[in-house]
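Asker: would you be able to build a 3D model of this:
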Amino acid sequence: MTPGMGPCGQGRRHEVRGRLAIPGDVATPEQYQLSESLAADGVPTPWEACQTLNGSWGYDSDNLDYKPVNLLVRMLVDGVSKDGNILLNVGPTARGNFDPRPWSPCAG
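Answerer: As a prediction, the model looks like this:
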């Protein structure tokens, strides 16, 4: 993360996603886990794996192929062990609610 730039940031810290190639940029592999830590010229590079619960970036009521909890935990541990982070995308329904089905295994 880099200090805010210009009037939008107003001194707050914010993240810049891996598309701008500026200082503070974060690499963002989508829907896959890196096999090793990232580095550029031997310098560690911040990264964040962007994942979905079921392969869809938006809510899809017909897609019930949710990632199991043990896989989500493994992805988190794997990412952190490689100096990364995980962003888990959850798409709300058209009414702005979250479908409880993918979260039910987490409760127990």
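Asker: measure Arg74 to Pro102 for me?
Answerer: Going from Arg74 to Pro102 by Cβ to Cβ, to the nearest Å gives 16 Å. Quick note: C-beta positions are derived from backbone N, CA and C, even for glycine.
Asker: got it, and Gly96?
Answerer: For Gly96 relative to Pro102 (Cβ to Cβ), the value is 17 Å.
Asker: and those two? which has more neighbours close in?
Answerer: Legend: neighbour count by other Cβ atoms under 10 Å for Gly96 and Pro102, higher for Pro102 (18 against 6).
Asker: now the more buried one, nearest residue through space, not along the chain?
Answerer: Distances taken as Cβ to Cβ, 6 or more residues apart in numbering put Tyr66 closest to Pro102, at 4.3 Å, once the chain neighbours are dropped.
Asker: the one you found: neighbouring residues, count only.
Answerer: So Tyr66, with other Cβ under 10 Å, has 18 neighbours.
Asker: ok, it to Ser81 distance?
Answerer: Counting by Cβ to Cβ, the gap from Tyr66 to Ser81 is 24 Å.
Asker: can you show me the strands along this structure?
Answerer: 2-3, 13-14, 16-17, 25-26, 39-40, 43-44, 48-52, 85-89 (DSSP state E).
Asker: low-confidence stretches in this protein?
Answerer: For the chain, applying pLDDT under 70 flags the ranges 1-24, 105-106, 108.
Asker: one more time with 80
Answerer: Low-confidence segments of the chain, defined by pLDDT under 80: 1-30, 32, 34, 38, 40, 102-108.
Asker: have a look at it and report its longest helix.
Answerer: helix 69-81 (DSSP state H).
Asker: return the list of helices and strands in contact with that one.
Answerer: Counting contacts by 3 or more Cβ pairs under 8 Å, 6 or more residues apart in numbering; DSSP states H and E, helix 69-81 is packed against strand 48-52, strand 85-89.
Asker: most tightly surrounded among these?
Answerer: strand 48-52 (a mean of 20; mean count of other Cβ atoms under 10 Å).
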